[in-house]
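Enquirer: below: sequence and its predicted model.
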Amino acid sequence: MGVVAKQSFYNILSVILAFAIGALNTVVFYPRFMGEELYGIILILLAESNILQPIFSFGLQHAVIKYFSAASSKKEQDKLLLFSLLIPLLIILPSGLVFFGNYDQIATYLSTQNPEVASFTYLIFVIAISTAYFEIFYSWSRVQKKTVVGNFLKEVYQRVLITILLLAYVLQWIDFNGFIFGLIAGYYLRLAIIMGYSLWLYRPHLYFEWPENNKQLWTYILLIFLSAFGASVIIDIDAGMLGKMVDEKYVAYYKVAIFIAAIIEAPGRALLQIVSPLVAEALNKQNHKELASLLKKSGTNLLLVSGLFFVLINANIDDLYAFIYFLNGKEGFALAIPVVLIISFTKLFSASMGCLNNIITNSTYYYVVPIFSIGSAIAVVVLNIYFIEELGFIGAAIATLIVISCFNLLKLLFIAKTIKISPYGKETLYLLGIIGGTYILFSSFSLPFSAFLNLGIKCIAICLVYLAICYQLKLSTTVNQFLETFFQKLRSTF
């Protein structure tokens with residue numbers, strides 16, 4: 001796990017930095033500089049673009065990770081990489097003709113509740129192309145066991161870009177149209193950077209031939225495409241549906257709450273960037289012992305770290321939103337406090353599963369992935385329609401909780417029955433007790449100081465108590481080694 005621990009550490013730093021910058025954008029700059037309505041428009045457009053992205057990438061980024069290490073020769077690897085670049089064009093080009101040939105009708109449909117969206121609908125298509133090819137080139141670097149640069153571009157770059165554009169907007173260097181054009185240009189600059197970096201790591205020769213396993217490839221990417229599309233729907237359909245059913249400001253409140261809860265999945269986003277190629281290698285070599293080890297360690301480590309973030313966020317939620325109000329002066333955001341707790345449970349459950357999804361995707365059982373994804377996508381759309389109408393934007397969070405929990409359980413049962421491995425053990429029970437106990441303890445009392453001071457004091461206390469218990473129980477060798485190294489360096493410094 002050496003390569004995993006090292007790159008995951010740098011990736012976690014990138015994700016933490018990304019969330020810090022994203023927090024400024026989400027709770028300060030957007031509300032103050034642009035207002036909830038225009039912010040809501042941006043969120044709606046990017047959410048719908050994210051739904052379109054997996055259609056354009058067509059599962060090729062996953063195919064590169066699964067089949068690169070299994071290729072019989074460098075020539076076959078090179079043919080696979082070229083295949084991953086050309087196939088999306090078969091979808092993008094005809095889709096572009098349909099999209100722009102019927103632009104007015106599509107724009108009108110997407111802007112039923114919020115007419116302002118119609119003027120910027122083109123962003124959905126243009127950004128989707130950029131993000132699709134970014135993911136494909138990023139997978140090139142991931143199979144070379146190089147994830148830090150790509151993860152930085154994926155997590156930090158786009159948030160810095162938005163910060164720069166928001167500052168330009170408030171200084172009146174650009175208007176809202178200029179903001180949209182700058183966003184598009186920034187996304188394509190990011191694509192150019194990852195393209196150059198991936199080609200620097202590995203430059204394939206051009207072979208205009210089908211890979212030897214092209215039939216298997218086509219089957220795989222078709223099924224993974226259906227899966228990725230379904231997964232994208234689950235992630236972004238709530239904002240898209242809210243955009244058609246409620247005012248833009250409520251979309252903004254909801255997405256801020258989702259952003260806060262998403263901090264819990266930060267360790268997973270960092271760890272799984274490097275674990276995924278290792279899972280593919282273990283499967284290709286039929287190394288069942290290594291596979292079981294990767295699953296158990298990733299599940300324990302992610303639950304431990306994500307559990308800490310869960311407690312830090314939810315035990316301080318009132319002070320956190322009081323601080324948000326202090327920063328942006330907007331009271332409405334506090335309406336979404338229940339959304340934070342609801343979504344936090346889904347993030348924690350998913351984190352506890354470790355790299356289980358990667359195992360299913362890269363195994364011979366990948367054919368079940370679209371069944372799970374399409375089923376969950378249909379379920380979340382149906383439940384969103386019902387719960388949003390009944391409960392407003394909080395209903396969207398409840399729909400997400402129900403769907404994610406049910407389908408996560410199905411995945412766990414499937415892996416336990418087929419591959420006979422599990423991410424859970426006695427450490428899981430200990431961690432659940434620690435998470436629940438510290439949450440109840442620290443959420444049961446409040447401090448009489450300012451929100452900022454309250455957050456600082458309680459966060460330090462939570463970290464000390466939580467990590468001390470985990471360390472003493474030796475629940476994770478990786479985390480214990482990290483803490484020992486950290487304190488050794490701290491002592492040597494002072």
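Expert: Cool, the structure landed.

Enquirer: for the helix or strand hosting Ile127, what is the distance to the chain centroid?
Expert: For Ile127, the element it lies in under DSSP states H and E is helix 122-143. Distance of helix 122-143 from the chain centroid (Cα atoms, centre = their mean, to the nearest Å) equals 14 Å.

Enquirer: give me the buried positions along whichever strand or helix holds Leu464.
Expert: Per DSSP H and E, Leu464 falls inside helix 451-473. By 16 or more other Cβ atoms under 10 Å, the buried positions in helix 451-473 come out as 451, 454-455, 458-459, 462, 465-467, 469-470. In short, each C-beta sits where N, CA and C put it, glycine included.

Enquirer: mind saving the C-alpha coords of it as PDB?
Expert: Extracted as PDB, the C-alpha positions of helix 451-473 are listed here (Å, rounded to 0.1, in the frame of the first residue of the first chain):
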ATOM      1  CA  ALA A 451     -19.600  31.000  15.700                       C
ATOM      2  CA  PHE A 452     -16.000  31.100  14.500                       C
ATOM      3  CA  LEU A 453     -14.500  30.600  18.000                       C
ATOM      4  CA  ASN A 454     -17.000  27.800  18.700                       C
ATOM      5  CA  LEU A 455     -16.100  26.000  15.500                       C
ATOM      6  CA  GLY A 456     -12.400  26.200  16.300                       C
ATOM      7  CA  ILE A 457     -12.600  24.900  19.900                       C
ATOM      8  CA  LYS A 458     -15.000  22.100  19.100                       C
ATOM      9  CA  CYS A 459     -13.200  21.000  16.000                       C
ATOM     10  CA  ILE A 460      -9.900  20.700  17.900                       C
ATOM     11  CA  ALA A 461     -11.600  18.800  20.700                       C
ATOM     12  CA  ILE A 462     -13.300  16.400  18.300                       C
ATOM     13  CA  CYS A 463     -10.100  15.700  16.500                       C
ATOM     14  CA  LEU A 464      -8.200  15.000  19.700                       C
ATOM     15  CA  VAL A 465     -10.800  12.700  21.200                       C
ATOM     16  CA  TYR A 466     -11.700  10.900  17.900                       C
ATOM     17  CA  LEU A 467      -8.100  10.300  16.800                       C
ATOM     18  CA  ALA A 468      -6.900   9.400  20.200                       C
ATOM     19  CA  ILE A 469      -9.500   6.600  20.500                       C
ATOM     20  CA  CYS A 470      -8.800   5.300  17.000                       C
ATOM     21  CA  TYR A 471      -5.100   5.300  17.600                       C
ATOM     22  CA  GLN A 472      -5.300   3.500  20.900                       C
ATOM     23  CA  LEU A 473      -7.600   0.800  19.400                       C
END
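
Enquirer: contacts for it next, please.
Expert: 304, 307-308, 311-312, 315-316, 319-320, 322-323, 326, 430-431, 434, 438, 441-442, 446-447, 449, 476, 479-480, 483 (Cβ atoms under 8 Å, 6 or more residues apart in numbering).

Enquirer: buried subset of those, written for ChimeraX?
Expert: Buried subset of the contacts of helix 451-473, written as a ChimeraX selection, criterion 16+ other Cβ under 10 Å:
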select :304,307,308,311,312,315,316,319,320,322,323,430,431,434,438,442,476,479,480
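
Enquirer: for this protein, where's the lowest mean pLDDT among helices and strands?
Expert: helix 2-24 (a mean of 66; mean pLDDT, DSSP states H and E).

Enquirer: show the subsequent helix or strand relative to that one.
Expert: helix 35-57.

Enquirer: now for that next one, which elements pack on it?
Expert: Applying 3 or more Cβ pairs under 8 Å, 6 or more residues apart in numbering; DSSP states H and E, one finds that helix 35-57 contacts helix 74-101, helix 122-143, helix 214-245, helix 248-262.

Enquirer: now whatever helix or strand comes next after the second one: how far from the chain's centre is it?
Expert: Moving toward the C-terminus from helix 122-143, the first helix or strand encountered (DSSP H and E) is helix 148-152. The chain centroid and the centroid of helix 148-152 are separated by 14 Å, computed with Cα atoms, centre = their mean.

Enquirer: I figured Phe125 hits Leu52, correct?
Expert: Yes: with contact defined as Cβ atoms under 8 Å, Phe125 reaches Leu52; the gap is 6.8 Å.

Enquirer: mind listing the helices for the stretch 251-400 of the chain?
Expert: In the stretch 251-400 of the chain, the helices defined using DSSP state H, counting those that start in this stretch lie at 266-284, 288-314, 317-328, 337-352, 356-362, 369-391, 393-418.

Enquirer: format the ones you listed as a markdown table; extra columns: distance to Gly186 and mean pLDDT.
Expert: Output for the helices of the stretch 251-400 of the chain, formatted as a markdown table (distance: least, Cβ to Cβ, whole Å; pLDDT from 0 to 100):
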| stretch | distance to Gly186 | mean pLDDT |
| --- | --- | --- |
| helix 266-284 | 21 | 74 |
| helix 288-314 | 28 | 90 |
| helix 317-328 | 24 | 78 |
| helix 337-352 | 28 | 91 |
| helix 356-362 | 29 | 84 |
| helix 369-391 | 29 | 82 |
| helix 393-418 | 29 | 89 |
